[in-house]
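Peer 1: Sharing a model that was predicted from the sequence below.
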Amino acid sequence: MEPAMKRRVLLATGVIGAAMIAAPALAQKRTKRFRMVLNTSFSGPQSFLLLAQDRGYLAEEGIEIEFTQGGGAYTAAPRMFAADFDFGYGDINSLIEVAAEHPQKAPVGIFALFNASPSTIALNAAGPIRSPKDLEGKTLLGHSSDVALKTFPAFCKVNGVDASKVTIRTFGGGMRAQVETMLGSENVHGVFGYVSTIASAMAEGGKDLNNRLRHLRFSEHVPDLYGSTLMVSRKVLKENREAIASVVRAFNRGLVAAVQTPEAGIDAVMRRAPWNDRPAEMLRLKTTYEIEMAHPDGKRIGIGAIDPARMTRAIALITETNRLKRRPALDEIFMPDFLPPLAERVHSISS
């Protein structure tokens, strides 16, 4: 790990040793098997999940998880609900939508990894857009299920942007193709996405175009929003709370390991997707740490937890701007019951 990143990783004293020693013996547990849907195909930011599996942290808890690759973070909560997955990893704002529609059946967040919104609007650095208000009269591209696109109404509300004056076009190609379309057009002015995903896509193949981009980051312009969280089904929540705590403990150990040794995390990704661009995946992971998991709240409450007042404001904002039929209660969206002690969690990845 680079020295600068090491300085940003603040762990409680003895966290590694405590986590390793506390793991219960596999022989004492009967293996419990679960299905889990991911946010996307295998990629750098999932390294903590994959290390928990590869290093036996899940097995030591008596847990076996079958990972199913996802089609985007905003699709994870509805897919988890529709396909009866036990666990899921995806966007918490989408979870708010599902909970508003299906209050008795929606999954619940239990381990919030992205304590800052990962979303952005990528812009041509040579273009005229400098502030959110400059988006009026412009055209933006994005996948129909992109988190940034889906939470753009909240972005507009907070920043006084008239959304009716912004043209949004959906795009079916990959992230790099979207950005290259914008850079080569006078009629397309921005692209929705994650900061980390765009950075990775623009670095693939050795031709890095990130220096041609500027960003309107949601973490700066809509600071109350969170990003991806681990979720559990209502069925497992009702029937197997002990197993939930075991899963969270194992993934927390995976996160500690992934932050301490990011190269090992990328090794875990490449074992499953050897066709991925390794340097691009490392950049994606590093950007995730530096932006999407770097909210100042991490120093106070640790990675995995949420600030109740902030989350309550986020729920109210998404409910209003996405015109949901009801506003879910805080405990419908996130339960802190299964978090390991603060001393065993990553405290902050912020500078």
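Peer 2: Happy to help now that I have it. Residues are numbered from 1 along each chain as shown.
Peer 1: Please report how far the closest residue to Gly90 other than its chain neighbours lies from Asp162.
Peer 2: Among residues not flanking Gly90 along the chain, Ala76 sits closest, at 2.3 Å (C-beta to C-beta, 6 or more residues apart in numbering). In short, each C-beta sits where N, CA and C put it, glycine included. Going from Ala76 to Asp162 by C-beta to C-beta, to the nearest Å gives 31 Å.
Peer 1: same check, this time on Gly90
Peer 2: 30 Å.
Peer 1: residues near Gly304, how many?
Peer 2: Neighbours of Gly304 under the rule other C-beta atoms under 10 Å: 25.
Peer 1: List the residues that contact it.
Peer 2: 111-113, 248, 252, 255, 339-340, 345-346 (C-beta atoms under 8 Å, 6 or more residues apart in numbering).
Peer 1: Can you dump the C-alpha atoms of stretch 254-263 in CSV for me?
Peer 2: What follows is stretch 254-263, C-alpha atoms only, in CSV (Å, rounded to 0.1, in the frame of the first residue of the first chain):
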residue,chain,number,x,y,z
GLY,A,254,-12.6,-8.9,5.0
LEU,A,255,-12.8,-5.1,5.0
VAL,A,256,-9.9,-4.8,7.5
ALA,A,257,-7.8,-7.1,5.3
ALA,A,258,-8.7,-5.3,2.1
VAL,A,259,-7.8,-1.9,3.5
GLN,A,260,-4.5,-3.2,4.9
THR,A,261,-3.5,-5.1,1.8
PRO,A,262,-5.3,-3.8,-1.3
GLU,A,263,-3.2,-5.9,-3.6
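Peer 1: in it, what's buried?
Peer 2: Neighbour-count burial for stretch 254-263, with 16 or more other C-beta atoms under 10 Å as criterion, is recorded at 254-260, 262.
Peer 1: Also stretch 148-158?
Peer 2: So, applying 16+ other C-beta under 10 Å, buried residues of stretch 148-158: 148-156, 158.
Peer 1: Identify all contacting residues around that stretch.
Peer 2: 74, 91, 93-94, 117, 119-121, 132, 140, 142-143, 161-163, 166, 168, 192-194, 218, 221-222, 225, 317-318, 320-322.
Peer 1: The spatially most central residue of the chain pairs with what?
Peer 2: Nearest residue to the geometric centre of the chain (C-alpha atoms, centre = their mean): Ser228, 3.0 Å. Beta-bridge pairing of Ser228 under DSSP bridges involves Asp91.
Peer 1: Distance of Leu51 relative to Gly90?
Peer 2: 19 Å.
Peer 1: more crowded one of those two?
Peer 2: Gly90 (30 against 25).
Peer 1: Could you check the pLDDT of the more buried one?
Peer 2: Gly90 is assigned a predicted lDDT (pLDDT) of 97.
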